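Chemist: Fold the following, please.
(4 chains)
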Protein chains: 2
Amino acid sequence: MPVSSQPALLLKLVALHSKIQRQLAGQLSFHGISFTEYLVLRQLHEAPGNKLRRVDLAQRVGLTASGVTRLLNPMQKTGLIDKEDAARDARVSLVTLTSAGATIFKDADVSFTEVAQSFFEPLAAEDQRDLLRMTSALI
Amino acid sequence: MPVSSQPALLLKLVALHSKIQRQLAGQLSFHGISFTEYLVLRQLHEAPGNKLRRVDLAQRVGLTASGVTRLLNPMQKTGLIDKEDAARDARVSLVTLTSAGATIFKDADVSFTEVAQSFFEPLAAEDQRDLLRMTSALI
DNA sequence: GATTGATGCTTGACCAGTCAATCATTTCAT
DNA sequence: ATGAAATGATTGACTGGTCAAGCATCAATC
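Modeler: Take a look at the predicted model:
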């Protein structure tokens, strides 16, 4: 492969990401949440006991600790999540998924899956497998 | 391919983008510019006469018109770009690349290329070709 | 050639996030 | 047991954008 095409490839991936963000934001807005909020709900949904420390949540969704603080405040006000103190450590504040939050997540996840499916439709199944393998190798 | 893996693939691409952004921002900061600023310099560098209308620049770098206005103000103050009135249309304000801007771009572009090359190093040449083909098909 | 609508750009208000500082609490070495 | 360092969370100041409104100019129709 000519050396010069790696920059082009990098730019393509960035452009691809813009397209993904636009589509996801558009569909998730019907559920009243942003993509980042979807990620939070998803992580809580997957977590044992539907509960996580804020630091761990930050790491999983790719935000800083303060970013999580700022993101969660409105989510708590709208009842998607709740705070809970940790038994063993008074510093940590656990984040829990409310049942309302779980409902919203399940609805939003349908949209997310639809976007994902239609997004990759131009690729053959084998290409999709290759793409998954390559992205895993690159992360 | 099992239907369920498209969501996973989408999440991988998002994670990949985070990694790209981190690496690019880190290297470009040595040249005193952000990735978005790099994109602006790149577009001007590629444009005929090193000059573009703000609307066209906005579209090429994926920003809104106001985003471009806000981005370019500091870039003009630091002398990377310059304004110029269009001869035929008093509404448009052309953006031009200064020679200082061209110098910074060339330096930054070396870093950009290095990041791109090291980023895709885990992939064989054939994989890189496939990846380029797939991303082009998806955009 | 005046009106109406489209286009290019900027501005004010806002949103989502970072970073650095701070505070509270916990852990660890002695 | 105590003092020092580490950890978890929040806050203030800031960055980098968006969106909607507004202003100037241009184009088209009548």
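Chemist: Pull out the buried residues from stretch A:72-92.
Modeler: A:Leu72, A:Met75, A:Leu80, A:Ile81, A:Asp82 (16 or more other Cβ atoms under 10 Å in any protein chain shown). To be clear about C-beta, it is placed using only N, CA and C from the backbone, and glycine gets the same treatment.
Chemist: ok, now stretch A:104-123?
Modeler: So stretch A:104-123, judged by 16+ other Cβ under 10 Å, has buried residues A:Ile104, A:Phe105, A:Ala108, A:Asp109, A:Ser111, A:Phe112, A:Val115, A:Ala116, A:Phe119, A:Phe120, A:Leu123.
Chemist: which one of those is nearest A:Leu9?
Modeler: Each of the buried residues of stretch A:104-123 was checked against A:Leu9 using Cβ to Cβ; the closest is A:Leu123, at 16.1 Å.
Chemist: burial of the nearest residue to A:Gly62 once chain neighbours are set aside, as a residue count?
Modeler: In space, and not counting its chain neighbours, A:Gly62 is closest to B:Ser18: 5.2 Å by Cβ to Cβ, 6 or more residues apart in numbering or on different chains. B:Ser18 has 12 neighbours, counted by other Cβ atoms under 10 Å in any protein chain shown.
Chemist: Please list all residues in contact with the residue lying closest to A:His31 once chain neighbours are set aside.
Modeler: Spatially, and ignoring its direct neighbours in sequence, A:His31 is nearest to A:Ala108 (4.3 Å; Cβ to Cβ, 6+ apart). Residues counted as contacts of A:Ala108 (Cβ atoms under 8 Å, 6 or more residues apart in numbering or on different chains) are A:Leu28, A:His31, A:Ile33, A:Tyr38, A:Leu41.
Chemist: Among these, which one sits closest to DNA strand D?
Modeler: Closest approach between the contacts of A:Ala108 and DNA strand D, by Cβ to the nearest atom of the strand: A:Leu28, at 13.8 Å.
Chemist: Am I right that A:Leu57 is in a helix?
Modeler: Yes. Under DSSP: H, G, I helix; E, B strand; the rest coil, A:Leu57 falls within a helix.
Chemist: Pull the contacting residues for it.
Modeler: Residues in contact with A:Leu57 (Cβ under 8 Å, 6+ apart) are A:Val40, A:Gln43, A:Leu44, A:Val68, A:Val95.
Chemist: which of these are close to DNA strand D?
Modeler: A:Val68 (Cβ under 7 Å from any atom of the strand).
Chemist: Top of the contacts of A:Leu57 by number of neighbours, please.
Modeler: Of all those, A:Val40 has the most neighbours under the rule other Cβ under 10 Å, reaching 28 neighbours.
Chemist: for DNA strand D, what are the nearby residues on chain A?
Modeler: A:53-55, A:65-66, A:68-70, A:72, A:83, A:86, A:89, A:91-94.
Chemist: Show the secondary-structure elements that the biggest helix by length in chain A is packed against.
Modeler: Using DSSP state H, we find that the single longest helix of chain A is helix A:5-28. Judged by 3 or more Cβ pairs under 8 Å, 6 or more residues apart in numbering or on different chains; DSSP states H and E, helix A:5-28 is in contact with helix A:35-46, helix A:99-119, helix B:5-28, helix B:99-119, helix B:125-138.
Chemist: I'd like the ones you listed as a markdown table, with mean pLDDT appended.
Modeler: As requested, these are arranged in a markdown table below (pLDDT from 0 to 100):
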| stretch | mean pLDDT |
| --- | --- |
| helix A:35-46 | 98 |
| helix A:99-119 | 97 |
| helix B:5-28 | 96 |
| helix B:99-119 | 97 |
| helix B:125-138 | 97 |
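Chemist: quick one: which of those is nearest DNA strand C?
Modeler: With Cβ to the nearest atom of the strand as the criterion, DNA strand C lies closest to helix A:35-46 of these, at 3.5 Å.
Chemist: what does that closest one contact?
Modeler: A:21, A:24-25, A:28, A:33, A:50-52, A:57, A:60-63, A:71-72, A:75, A:80-81, A:95-97, A:101-102, A:104-105, A:108-109, A:112.
Chemist: re the thing from before, among the contacts of A:Leu57, which pair sits farthest apart?
Modeler: Across the contacts of A:Leu57, the longest distance by Cβ to Cβ is 11.9 Å; it joins A:Leu44 and A:Val68.
Chemist: dump the residue contacts of the spatially closest residue to A:Ser111 that is not a sequence neighbour.
Modeler: Nearest-residue entry for A:Ser111: A:Gln27, 4.3 Å, with adjacent residues in sequence omitted and distances by Cβ to Cβ, 6+ apart. Contact analysis of A:Gln27 by Cβ under 8 Å, 6+ apart lists A:Ser111, A:Phe112, A:Glu114, A:Val115.
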